[in-house]
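Student: coords please:
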Amino acid sequence: MSHAKVTWMGGMQFVGVDSSKHAVVMSTQDEANGTGMKPSELLLVGLAGCTAVDVVGILKKKRQDLHGLEINIKGEQEKDPPWPYQRIKVEYVVSGRGIKEKAVADAIRISEEKYCSVAATVRGVAEITSSFRILEV
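Tutor: Predicted coordinates for the structure are as follows:
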């Protein structure tokens, strides 16, 4: 079972540590406390990271000459508390040599539908859409 711990560091700053002892600083985004990520944006980073791992692995298995992957992610939240995400847009920027569009589309689809646990969790609340671009290097 996965586990994590969040410790209050004072003010509005917190440190989260995962089961592998990796840490991330979280805080509010005002001038006095803005030393870490907003927890709600950390969710977007988690989603992007989860699908990135899948897409890289799938493209490598498909023997694509992958040189880079960047994921741009934007979330639109409700105006009122608790501000859940309504819509999340994920843009994949894949770079490499001779990367096939079908391979990228399949990798994204497989990640979103089968492997990415963060997407599976968030999908019940927010609409997730994706797009991609391929850059030849």
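
Student: show me the contacts for S117.
Tutor: C50 (Cβ atoms under 8 Å, 6 or more residues apart in numbering). Glycine gets a C-beta too; all of them are placed from N, C-alpha and C.

Student: same question, S2
Tutor: So S2 contacts D18, S19 (Cβ under 8 Å, 6+ apart).

Student: looking at this, it is in a helix?
Tutor: No: counting by DSSP: H, G, I helix; E, B strand; the rest coil, S2 is not part of a helix but coil.

Student: distance of it from G68?
Tutor: Applying Cβ to Cβ, to the nearest Å, the value for S2 to G68 is 29 Å.

Student: go on, K89?
Tutor: Distance from K89 to G68, by Cβ to Cβ: 20 Å.

Student: who does the closest residue in space to V45 that isn't next to it in sequence bridge with?
Tutor: Distances taken as Cβ to Cβ, 6 or more residues apart in numbering place M37 nearest to V45, at 6.9 Å, with adjacent residues excluded. Listed beta-bridge partners, M37: M26 (assigned using DSSP bridges).

Student: how far does the host helix or strand of G16 sit from the chain's center?
Tutor: In this structure, G16 is located in strand 13-18 according to DSSP states H and E. When distances are taken as Cα atoms, centre = their mean, to the nearest Å, strand 13-18 is centred 18 Å away from the chain's centroid.

Student: what's the answer for stretch 71-81, then?
Tutor: 13 Å.

Student: tell me the secondary structure for P81?
Tutor: P81 is classified as coil under three-state DSSP.

Student: tally of neighbours for it?
Tutor: 6 (other Cβ atoms under 10 Å).

Student: per-residue pLDDT, it?
Tutor: For P81, the pLDDT comes out at 95.

Student: now L59
Tutor: Reading off the model, L59 has pLDDT 98.

Student: check H22 too.
Tutor: In this model, H22 carries a pLDDT of 96.

Student: now it: phi and psi?
Tutor: phi -90, psi 140 (degrees, to the nearest 10).

Student: burial check on it, number of neighbours?
Tutor: Close neighbours of H22, defined as other Cβ under 10 Å, add up to 9.
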